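*Asks:* how does the following fold in three dimensions:
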Amino acid sequence: MGHPDPIAFTIAGIEIRWYGILIAAAMLLAVLISSKRAPEHGMRDEDVLDIALWMLPIGVIGARVYYVIFNHSMYHSFGEIINIRNGGLAIHGGLIFGMITVFVICRRKKISALNTLDLFIPTVALAQSIGRWGNYFNGEAHGGPTDLPWGIVVDGVKVHPTFLYESLWCLFLFFFLSWWDRNRRQAYGQTLALYGILYSVERFFVEALRTDSLMIGPFKQAQVISICAIIASIILYVYSPRRWRISESGPES
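*Replies:* Modelled structure (predicted):
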């Protein structure tokens, strides 16, 4: 099975790609679900929308900047840099820029950034699950050759559908983290920490299969970042009950 046509339809000569449609739909769904869940976190849906209006575009910019930094030799003009229709968004860049944006806005609003990130992070996993299918339509983010029956054909070679592995795992994370956040969370930051651990473990192993990884010298940067994220997330998970228990006053940051 090969990848389908990346172009969904054309309007006035402009090609509308499945990549953009899926990412836009994923972000919209994530915001809607987070808005519905806001009261569980003692937040107003207006605050969720205010934060999302800044977090999403800055997150996309961050994802692109991150990708371009590690692939700067591929781009020769500003037009090429800002053209994201063919792919080229790095989730780690989006997460970093998105979380920084949340901390800045929450500080201005005087609400807990960790509580806000706990609210958003299950739907971030859902958005990743949906958005990964954009990689399928673009024929990118795949692994090396395989004989497995669920392999896909790219450029005449049957390869690991690593986009599918991550999509399924992130879908599981959405349901698991939503349940955990509602029933087991004891401190601000714990849901975020669980995401950091569980997503990073999966990403470390799936990245080993990919053939288009961004590199830090001889190392795959996603694996390096995943190790760092696992360590930081474990520290946050263990430390948060001592500092930010939900039954106590939360941090105004």
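*Asks:* the closest residue to V159 other than its chain neighbours: how many residues sit nearby?
*Replies:* In space, and not counting its chain neighbours, V159 is closest to H142: 4.7 Å by C-beta to C-beta, 6 or more residues apart in numbering. Backbone N, C-alpha and C define where each C-beta goes, glycine included. By other C-beta atoms under 10 Å, 26 other residues sit near H142.
*Asks:* quick one, grab the pLDDT at H142.
*Replies:* Per-residue confidence (pLDDT) for H142: 91.
*Asks:* contact partners of the helix or strand containing I21?
*Replies:* If you go by DSSP states H and E, I21 is part of helix 18-37. With C-beta atoms under 8 Å, 6 or more residues apart in numbering as the test, helix 18-37 has contacts from 4, 6-8, 45, 48-49, 52, 56, 60, 84-87, 89, 119-120, 123-124, 126-131, 133-135, 137-138, 178.
*Asks:* narrow those to those that are buried.
*Replies:* Buried residues within these, counting neighbours by 16 or more other C-beta atoms under 10 Å: 6, 48, 52, 56, 60, 84, 87, 89, 119-120, 123-124, 126-131, 133-135, 137-138, 178.
*Asks:* out of those residues, which sit inside helices?
*Replies:* 48, 52, 56, 60, 119-120, 123-124, 126-131, 133-135, 137-138, 178 (DSSP state H).
*Asks:* check the contact between the residue nearest to V159 and F163; I expect there is one.
*Replies:* Yes - under the criterion of C-beta atoms under 8 Å, H142 makes contact with F163 at 6.7 Å.
*Asks:* in which helix or strand does V206 reside?
*Replies:* helix 190-207.
*Asks:* other residues contacting that helix?
*Replies:* Residues contacting helix 190-207 (C-beta under 8 Å, 6+ apart): 114, 117-118, 121-122, 124-125, 143, 162, 165-166, 169-170, 173, 176-177, 180-181, 185, 213, 220, 222-223, 225-227, 229-230, 232-234, 236-237, 240-241.
*Asks:* filter those down to just the ones in strands.
*Replies:* K220 (DSSP state E).
*Asks:* just the buried residues of the contacts of helix 190-207.
*Replies:* Using 16+ other C-beta under 10 Å, the buried ones in these are 114, 117-118, 121-122, 124-125, 143, 162, 165-166, 169-170, 173, 177, 180-181, 185, 213, 220, 222-223, 225-226, 229-230, 233, 236-237, 240.
*Asks:* so who does T211 touch?
*Replies:* Counting by C-beta under 8 Å, 6+ apart, the residues that T211 touches are H142, G143, G144, V159.
*Asks:* farthest-separated two in those residues?
*Replies:* Across those, the longest distance by C-beta to C-beta is 8.3 Å; it joins H142 and G144.
*Asks:* who touches both of those two?
*Replies:* In contact with both H142 and G144: V159, H160, R210, T211, using C-beta under 8 Å, 6+ apart.
*Asks:* name the helix or strand of this structure that has the lowest mean pLDDT.
*Replies:* helix 78-82 (a mean of 83; mean pLDDT, DSSP states H and E).
*Asks:* show me what that one is packed against.
*Replies:* When contacts are defined as 3 or more C-beta pairs under 8 Å, 6 or more residues apart in numbering; DSSP states H and E, helix 78-82 packs onto helix 45-70.
*Asks:* how far does the helix it packs on sit from its chain's centre?
*Replies:* Centroid separation for helix 45-70 versus its chain: 11 Å, with C-alpha atoms, centre = their mean, to the nearest Å.
*Asks:* pLDDT of it, averaged?
*Replies:* The model assigns helix 45-70 a mean pLDDT of 93.
*Asks:* again, but for stretch 8-19
*Replies:* 88.
*Asks:* which positions in that stretch come out as buried?
*Replies:* Counting neighbours by 16+ other C-beta under 10 Å, stretch 8-19 gives R17, W18, Y19 as buried.
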